[in-house]
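*Asks:* Following is a predicted model, sequence given first.
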Amino acid sequence: MIATSDTQGTCRVCARSFIKFNSMQLVCGLKCAQRIPVIQRKEEAADFRRRKEAIKPRSKWLSEAQTAFNAWVRIRDAHRPCISCGRHHQGEWHAGHYLSTGARPELRFDEANVHKQCQPCNTHLHGNLVLYRAELIRRIGQPEVDRLEGPQKQAKLGIPELREIRDRYRRLTKEAKAAEAVEA
């Protein structure tokens, strides 16, 4: 490997010049790495996480918020059957949206619009919407279903809102799991 200015580094411990193998390398070798204080390594890791989070695109924030929300829905409805077919089974469970995120993105994080659904109903039957709607009316009532089906305010969530949603539903999921562990 030919050393260039991009691959040259100065060891943070012994101050010798060395060739970096990756951009995050701070020291010349194992002996110097062992001498870096643990606190400094933790601070650098925290700084790296902050910098990484700062450049994260909106799509990644949306994905993380959706994952946290869906996990919470599955925990919330854990003891309920599939909203569409009414079955309890050992298969895969989804957080099924009554009105899809593609058609109605403003309802993506609306708790009344999302319920635990079995994988066959959600994937193979495209939501099994006729039975989903009937059970949805029974669970949340006709006025709430009418609200979901009616006009909605268009909103494109920004990164701060997505971060708040992600953190809220991660916290709620953690609390629900802890409560379930206490009950068991």
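*Replies:* Great, that's in hand. Predicted model, so just to flag it, every value in this text is computed and none were measured.
*Asks:* which residues touch the residue nearest to the spatial centre of the chain?
*Replies:* By Cα atoms, centre = their mean, the mean C-alpha position of the chain lies nearest to Glu64, the distance being 2.7 Å. If you count contacts by Cβ atoms under 8 Å, 6 or more residues apart in numbering, Glu64 has them with 162, 166. Every C-beta, even on glycine, is put in place using the N, C-alpha and C of the backbone.
*Asks:* Next: Leu107.
*Replies:* Residues near Leu107 by Cβ under 8 Å, 6+ apart: 97, 99, 101, 113, 148, 152.
*Asks:* Can you tell me what sits against the lengthiest helix in the chain?
*Replies:* Of all the segments of type helix in the chain, defined by DSSP state H, the longest one is helix 159-183. Counting contacts by Cβ under 8 Å, 6+ apart, the residues outside helix 159-183 that touch it are 56, 58, 61-62, 64-65, 68-69, 71-72, 75-76, 78, 109, 157.
*Asks:* ok, back up a step: so which strand or helix has the residue nearest to the centre of the chain?
*Replies:* Per DSSP states H and E, Glu64 falls inside helix 58-76.
*Asks:* In ChimeraX, select just the buried ones from the contacts of Leu107.
*Replies:* Restricted to buried positions by 16 or more other Cβ atoms under 10 Å, the ChimeraX selection for these reads:
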select :97,99,113,148
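*Asks:* could the contacts of Leu107 be laid out in CSV, adding distance to Thr173, secondary structure and pLDDT?
*Replies:* Compiled in CSV, those are given as follows (distance: Cβ to Cβ, whole Å; DSSP: H, G, I helix; E, B strand; the rest coil; pLDDT from 0 to 100):
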residue, distance to Thr173, secondary structure, pLDDT
His97, 18, strand, 97
Leu99, 23, coil, 96
Thr101, 19, coil, 93
Asn113, 18, helix, 97
Leu148, 23, helix, 96
Gln152, 26, coil, 91
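*Asks:* and the gap between the residue nearest to the centre of the chain and Thr123?
*Replies:* Remark: distance between Glu64 and Thr123 (Cβ to Cβ, to the nearest Å) = 22 Å.
*Asks:* quick one: the worst-scoring helix or strand of the chain on mean pLDDT to helix 58-76, angle?
*Replies:* Counting by mean pLDDT, DSSP states H and E, the chain has its least confident helix or strand at helix 38-54, which shows a mean of 84. Using axes from the mean of the first three to the mean of the last three Cα atoms, to 10 degrees, the direction of helix 38-54 lies 100 degrees away from that of helix 58-76.
*Asks:* Cheers, nothing more for now.
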